[in-house]
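Engineer: Pasted the sequence and its predicted model underneath.
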Amino acid sequence: MSVRTAAPGRWFAEHVDARLVAPGPAYRLLEVHTLVTLVIALRLAARDWTLVAERPADLTFRATLVGWFPAPVPAWLLVALQVAGLAGAALVLLRRHPRLGLAVAWGAYALLTGLWGSSGKVMHNDVLTVTVGLVLLLAPLPARGTPARQERVAWGWPPRAALAVVATVYLLTGVQKLRHSGVSWVLGDNMAWVLRHGTSPFGDGFTHLVADHVWLTQLLAAGALGLELAAPVLLAVRATRIPFAVAVAVMHGSIWAFLGLDYSAWVLTVAAVVVPQGLPRGTRLLDVRPVRRRAPSAAAVP
Amino acid sequence: MDVDEQGARRRARRVTYTAVLVLLVAAAAHLELWPLTSYRLFSEVRTADRSGLELVAVDADGGRTVVRPGADNPVVATTGHQYGALPRVSAERRTAMVRAWLRAAGVDPADVAHVRLERVGRVTDARSLDGDETSRTLVLEVEP
């Protein structure tokens, strides 16, 4: 009996570990680092954070990691945090003190989203971006002048760690559905009622279009659960990473279309982490050009 | 292998395995301490029946008004998720919270005789998508 068949678990763990700590090119780390920072900057810029100031202190929920923050938070402080976060993101994009820049942008973003969600229910909209950002915060960055194609362990692991976080989070969302509802999450009329209880921005007619066909709602549920449970496998294989990002965009896009819930931060974070790592080895994101269909030559025209 | 590469490997393992382990433990333990969460997104099976808590302001004449805080502010509106905590907090804190909700809904606490926390059951009609009330029970009453 070979060692591999005697201890498949150990072989698997060693294989995963070897892939995690394999050297990687500097450009890939810079791509993921920059794109995740862009997502943070977009989230910081797109929201009116001063709404947090209107929540009375007595209604501020303290059981969060930002529960220590004084309440009510003055509007000027919320705006100052937003501006500081955007300034930090600008440092990253300009490659001036990018580690400090991400620390400032992530710190402001984590604090603002934490305060926004301190109303009594964990808000999941930004939690994936915050978690992925934390991992990148703990990573080193190539100094200016480092050759883009230089390969080192230090440049290889941070994008893979971010990939591991994304895979774990999607796996958990799937496992929790099975744990608390079992296969009836897919096989019953669960998804039909999820849709009917939501509020579609396209009106009730759009909801009826799908919710009235049980087989269609079961197909949607099976697709969503299958995608979540298969995330670690789909993200482990380079060829299926970009299709995974597309499927995630479709899934969260349909959640918005049917329920009006905004998970755009999840879509953007997955794209930021997964798409660069789905490109062929040696291909930089900036090397990718849209494929243009060549016009038929005169000789080819009959 | 040079020392830098060995250090990078140690760091890679520390950060990655700790992050994954924390995510798994939080989910297994049902921890909800933002940003740590158990990732229970739509994990319960939904049916036509729903149940929720409502805060109802009752004036001296017995007139009832459902309290809807933060109609144009999602941050304030979601504080309604704390209705369920009212029976567990001290009487003093309960009064403070109820008064804050009344003000956030544009209701003057001085105009209210008492506030009722009620559990409301509804069944959704598959055609109209309207929720018809099937039950309403008093959970507690507070004088603001």
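Structural biologist: Done, it's in.
Engineer: Flag every buried residue along whichever helix or strand residue B:13 is part of.
Structural biologist: Using DSSP states H and E, residue B:13 sits in helix B:3-28. By 16 or more other Cβ atoms under 10 Å in any protein chain shown, the buried positions in helix B:3-28 come out as B:8, B:9, B:11, B:12, B:15, B:16, B:19, B:20, B:23, B:26, B:27. The C-beta positions use only the backbone N, C-alpha and C, and glycine is treated the same way.
Engineer: Show me the subset of these that also lies near chain A.
Structural biologist: B:8, B:9, B:11, B:12, B:15, B:16, B:19, B:20, B:23, B:27 (Cβ under 8 Å from any Cβ of the partner chain).
Engineer: circling back to that earlier point, and the helix holding residue B:13, what does it pack onto?
Structural biologist: Contacting helix B:3-28 under the criterion 3 or more Cβ pairs under 8 Å, 6 or more residues apart in numbering or on different chains; DSSP states H and E are the following elements: helix A:8-20, helix A:127-137, strand A:151-152, helix A:153-181.
Engineer: Report the inter-axis angle for the first one versus helix A:153-181.
Structural biologist: So the one you mean is helix A:8-20. Relative orientation of helix A:8-20 and helix A:153-181, computed by axes from the mean of the first three to the mean of the last three Cα atoms, to 10 degrees: 130 degrees.
Engineer: Would the following helix or strand past helix A:8-20 count as contacting chain B?
Structural biologist: Per DSSP H and E, helix A:8-20 leads on to strand A:24-25 as the next helix or strand towards the C-terminus. No. Between strand A:24-25 and chain B, judged by Cβ under 8 Å from any Cβ, nothing touches; the nearest distance is 10.3 Å.
Engineer: partners of strand A:24-25 in the sheet?
Structural biologist: Applying DSSP bridges, strand A:24-25 is found paired with strand A:151-152 (antiparallel).
Engineer: avg pLDDT for the strand it pairs with?
Structural biologist: Across strand A:151-152, pLDDT averages out at 96.
Engineer: what distance separates stretch A:150-167 from the centre of its chain?
Structural biologist: Offset of stretch A:150-167 from its chain centre (Cα atoms, centre = their mean, to the nearest Å): 15 Å.
Engineer: nope, stretch A:194-210 is what I meant
Structural biologist: That offset, for stretch A:194-210, works out to 26 Å (Cα atoms, centre = their mean).
Engineer: Can you check what pLDDT the model gives the nearest residue to residue A:110 once chain neighbours are set aside?
Structural biologist: Taking Cβ to Cβ, 6 or more residues apart in numbering or on different chains as the measure, residue A:110 lies nearest to residue A:130, with 5.1 Å between them; neighbours along the chain are not counted. Residue A:130 carries a pLDDT value of 98.
Engineer: Enumerate every residue touching the nearest residue to residue A:64 once chain neighbours are set aside.
Structural biologist: Spatial nearest neighbour of residue A:64, excluding adjacent residues (Cβ to Cβ, 6+ apart): residue B:34 at 4.1 Å. By Cβ atoms under 8 Å, 6 or more residues apart in numbering or on different chains, residue B:34 lies in contact with A:64, A:65, A:66, A:114, A:117, A:118, A:122, A:123, A:127.
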